[in-house]
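Peer 1: fold the following for me, if possible:
(4 chains)
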There are 2 protein chains.
Amino acid sequence: MTSRRDPEGRRRAMLDVAAQEMIANGWEALTHRRVAELAQVPLGATTYYFDSLDDLRTSALEVVVAQADEEIRQVAAAVHACAGSAEGLAALFTTYLSDHARLQAESLLYFAGVHQPELRPYAQRWVKGMTEILSAYATHEAAQATALYLDGVILYTLLHDRPVDERSLRMAITALMGTSLPEDQ
Amino acid sequence: MTSRRDPEGRRRAMLDVAAQEMIANGWEALTHRRVAELAQVPLGATTYYFDSLDDLRTSALEVVVAQADEEIRQVAAAVHACAGSAEGLAALFTTYLSDHARLQAESLLYFAGVHQPELRPYAQRWVKGMTEILSAYATHEAAQATALYLDGVILYTLLHDRPVDERSLRMAITALMGTSLPEDQ
DNA sequence: TTTGTACTTGTACGGACGTACTAGTTCGAG
DNA sequence: CTCGAACTAGTACGTCCGTACAAGTACAAA
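Peer 2: So this is what the prediction gives:
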């Protein structure tokens, strides 16, 4: 249980369980009482530290975004470590896809963004970040196409028991990264 | 207003507004009272025709699935009409992306599937159907990679004001459809 | 016409929710 | 020590929800 006199710790604990809960069960699943139960704080604490449920949800979403940003930074380092080669990217992404919670966090941001325009910047970060990372090794268009493909793969992985195999990933990444815009017109 | 003695019409009216409501505001937004208001039927009618709210939601989702299946059929015809050429596919898909409600319906199925395993078959239909359609003009792997890319494009379109331009679509589709698996190992 | 079944309609109950609020507690500044 | 601000904790209010239900209505079959 969170220590009785540790305001920052309490706030942090509530944000953490709120983020976990939203990742696991979706944006709408979050209630004051659920957070209070999971963080083992009285109901009143959830309203004392956050102006409203919407404030709590948004603040927790920012925690998710911060974690996602950190992960993007790690991906960037790994991509540069393999010099953006298709083999390296495919292997790296295969590992990435095995972390189901990570993928669910991404989908949380997406679905929040679809129905709440003010949250779209959060949802746009992953594709934007991935596009920028890949831009070091291909044209902007090729990098974006690859990022969009990988996003499709994330969604596919969330909806199927068997993930896309690494060989298919390598094929698609090779095809997308190695092309430039068509010359005609 | 729905005629007072027209059971099938009433049921249909409720399912239609329920589908619309879920597409617009998400799975969780649906309530008996909201459906009653939109379909202009008394509250009791919503519980008379559906065993529970979950039954109403699932039945409405099946309406969405049926519409999506019909649209997939139209896409199949259009793809075959252009013989699966990248130019044709890009043009076709650009049109497809302009129908925002259609894309939101797809995202509804996806998000429902992510958090409710029993609904995943519904969410898997689009990619599965698109893969089968494209398989007539490429290897299965290339077709699936293209379908995944297009799924990423759908998500991107839902989250950005400016859609992916047709030239980029054509480039990516050309790259993905025109490749086979790498020969190494 | 009678009757039973399908359908209609409004109301009500119990529960969960967001939020407000009050009384009590802690602790650093003066 | 004093005291006021920050924090704690429990409770309660009003609202909305899913669902149950009773009383009424229409209509097809007898």
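Peer 1: whatever residue of chain A ends up closest to DNA strand D: helix or strand, and which one exactly?
Peer 2: Nearest residue of chain A to DNA strand D: A:Gly44, at 2.7 Å (CB to the nearest atom of the strand). Using the backbone N, CA and C atoms, a C-beta is placed for each residue, glycine as well. Using DSSP states H and E, A:Gly44 sits in helix A:43-49.
Peer 1: so for the helix or strand following that helix, mean pLDDT?
Peer 2: Next helix or strand after helix A:43-49 toward the C-terminus (DSSP H and E): helix A:53-81. Taken as a whole, helix A:53-81 has a mean pLDDT of 98.
Peer 1: rewinding a little: chain B versus the residue of chain A closest to DNA strand D, what's the distance?
Peer 2: Computed as CB to the nearest CB, to the nearest Å, the A:Gly44 to chain B distance reads 26 Å.
Peer 1: what does chain A put close to DNA strand C?
Peer 2: By the criterion of CB under 7 Å from any atom of the strand, the positions of chain A lying close to DNA strand C are A:4-5, A:30-34, A:43-44, A:46-48, A:52-54.
Peer 1: repeat the analysis, applying 6 Å as the threshold.
Peer 2: Proximity of chain A to DNA strand C is confined to A:5, A:31-34, A:43-44, A:47, A:52-53 under the rule CB under 6 Å from any atom of the strand.
Peer 1: need the per-residue pLDDT for A:Gly152.
Peer 2: 98.
Peer 1: neighbours around A:Ala101, how many?
Peer 2: Number of residues near A:Ala101 (other CB atoms under 10 Å in any protein chain shown) recorded here: 11.
Peer 1: what of A:Glu106?
Peer 2: When neighbours are counted by other CB under 10 Å, A:Glu106 registers 22.
Peer 1: ditto for A:Glu8
Peer 2: Neighbour number of A:Glu8 under other CB under 10 Å is 8.
Peer 1: ok, now which ones touch the closest residue to A:Arg120 other than its chain neighbours?
Peer 2: Of all residues not flanking A:Arg120 in the chain, A:Gly113 sits nearest, at 4.3 Å (CB to CB, 6 or more residues apart in numbering or on different chains). The contact partners of A:Gly113, by CB atoms under 8 Å, 6 or more residues apart in numbering or on different chains, come to A:119-120, A:122-124, B:158-159.
Peer 1: in those, find the pair that's most separated.
Peer 2: Farthest pair in the contacts of A:Gly113 (CB to CB) is A:Tyr122 and B:Leu158. Separation: 13.8 Å.
Peer 1: circling back: buried subset of the residues of chain A next to DNA strand C, written for ChimeraX?
Peer 2: Here is the ChimeraX selection string for the buried members of those, based on 16 or more other CB atoms under 10 Å in any protein chain shown:
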select /A:32
